[in-house]
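# just coords:
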């Protein structure tokens, strides 16, 4: 397999990784009845949409010119993972929905999988631009994961308290 073919395959797999997360969060936003959860899931879906757009643009550059063009990718200006501040007010408004807890847990799994993929690809690819792109994506997904893990712990603690298993 040529270097370009390997890059195309890596980008295609990355796009599918992001589409899965975007679909999960978009479905959760459309399904939940909790306003705070809807806002959070909408923001996560939007972030994943941005990742898809970045990857598709790079895929097109690769197909057209044989290389990536990161000149329009400004990771320092993108606030991935920090868009939703999880404070006490947000936690209280989120409530204790099992559906939302399940989505957050699945989201953690998807974010972990994406991070592992991007780090693995960054280590494997020879192209410096693709390596940089995958490094940025791993960092962005780590922001999502940290946010979701904090929220998942809070929601699990509330769930166990509701079941009479608190304090643990």
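Right, received. Where do you want to start? In this text the structure is predicted, and so the values were computed from the model without any measurement.

# ok, which stretches of the chain are helices?
Assigned by DSSP state H, the helices in the chain fall at 3-31, 35-65, 88-94, 98-124, 128-162.

# adding mean pLDDT and mean neighbour count, write those out as CSV.
(Each C-beta comes from the backbone N, C-alpha and C, glycine too.) What follows is the helices of the chain, written out as CSV (pLDDT from 0 to 100; neighbours: other C-beta atoms under 10 Å):
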stretch, mean pLDDT, mean neighbour count
helix 3-31, 95, 17
helix 35-65, 92, 18
helix 88-94, 68, 13
helix 98-124, 93, 18
helix 128-162, 87, 18
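
# what pLDDT is listed against the closest residue to residue 9 other than its chain neighbours?
In space, and not counting its chain neighbours, residue 9 is closest to residue 1: 7.6 Å by C-beta to C-beta, 6 or more residues apart in numbering. Model confidence at residue 1, expressed as pLDDT, equals 75.

# any chance of CSV for the helices of the chain, columns distance to residue 74?
Below are the helices of the chain laid out as CSV (distance: least, C-beta to C-beta, whole Å):
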stretch, distance to residue 74
helix 3-31, 18
helix 35-65, 10
helix 88-94, 28
helix 98-124, 18
helix 128-162, 10
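
# to residue 75, which of these lies closest?
Among the helices of the chain, the nearest to residue 75 by C-beta to C-beta is helix 128-162 (4.5 Å).

# how far out from the middle of the chain is the closest one?
Centre-to-centre, helix 128-162 and its host chain are 7 Å apart (C-alpha atoms, centre = their mean, to the nearest Å).
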